[in-house]
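Novice: Predicted coordinates and the sequence they were generated for:
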Amino acid sequence: MKEIGIRELKENFVSMISDQWALLTAGKPDNYNMMTVSWGGIGELWSKDVCFVFVRPQRYTYKYMEQNEYFTLSFYGGEYKKELGICGSKSGKDTDKTALIGFEPMEVDKSVSFKEAKITILLRKIAYQDMDPKGFIAPEIMETYKAADFHRTYVGEIVKVLVND
């Protein structure tokens, strides 16, 4: 993999995360979990290049996000949609998702990604905020939260961007 600056990335981030999905991975090479995400954003905050992601508290990955300073977002393209679907529907608590989908983990500094990724973004967790329904202006947002299981938003500073060349 080759390291590039975030501003060199030519892909459409909205399409990558919303249409193709991504894996959010937190932990160390010997103890990590990943989950599929299709919500998120990228931009600048506090004079830092950042990504933000959302994790519900009942997700097994939540524990890993809480315990680790670094995490990765990795993107694969449409050919891995089936594998990403599995990572979004199975829990790492009772399933070895890595073995199930056949991905090869790789250490990325202080976190984990997978060799199959086209793009991996290493992030340092710099902030979080729990979603508060009092702040929802559009009433249809509550349809997403019938169980009142509001996401935690994590903001990660972009530390490194790797592309598979």
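Specialist: In hand now; what should we look at?

Novice: Against residue 33, how distant is residue 66?
Specialist: 12 Å (CB to CB, to the nearest Å). All C-beta atoms are positioned from the backbone trio N, CA, C, and that covers glycine.

Novice: out of the two, which sits in the busier spot?
Specialist: residue 33 (22 against 14; other CB atoms under 10 Å).

Novice: who's the most centrally placed residue in the chain bridged to?
Specialist: For the chain, residue 24 is the residue whose C-alpha lies nearest the centre (CA atoms, centre = their mean; 2.5 Å). Note on residue 24: beta-bridge partners by DSSP bridges are residue 35, residue 73.

Novice: Does it touch residue 75 like I think?
Specialist: No - here residue 24 does not reach residue 75: they are 11.0 Å apart, not a contact under CB atoms under 8 Å.

Novice: so who does residue 113 touch?
Specialist: 23, 25, 72, 74, 105-106, 120, 122, 162 (CB atoms under 8 Å, 6 or more residues apart in numbering).

Novice: Can you tell me which of these has the most neighbours?
Specialist: residue 72 (30 neighbours).

Novice: Now do the contacts for it.
Specialist: Residue 72 touches 23-26, 108, 111-113, 120-123, counting by CB under 8 Å, 6+ apart.

Novice: same deal with residue 157?
Specialist: 48-50, 123-124, 126.

Novice: and if you look at residue 20?
Specialist: Applying CB under 8 Å, 6+ apart to residue 20 gives the contacts 75-78, 81.

Novice: Recalculate using a threshold of 10 Å.
Specialist: Residues in contact with residue 20, defined by CB atoms under 10 Å, 6 or more residues apart in numbering, are 11-12, 38, 75-81, 84, 118.

Novice: Okay, strands next: where are they in this structure?
Specialist: Using DSSP state E, the strands of the chain run over 2-4, 22-28, 31-37, 41-45, 48-55, 70-75, 105-108, 111-114, 119-130, 152-163.

Novice: so how many other residues sit close to the residue lying closest to residue 83 once chain neighbours are set aside?
Specialist: In space, residue 83 comes closest to residue 101 once its chain neighbours are excluded; the distance is 4.0 Å by CB to CB, 6 or more residues apart in numbering. Using other CB under 10 Å, residue 101 has 19 other residues around it.

Novice: Cool, thanks, signing off.
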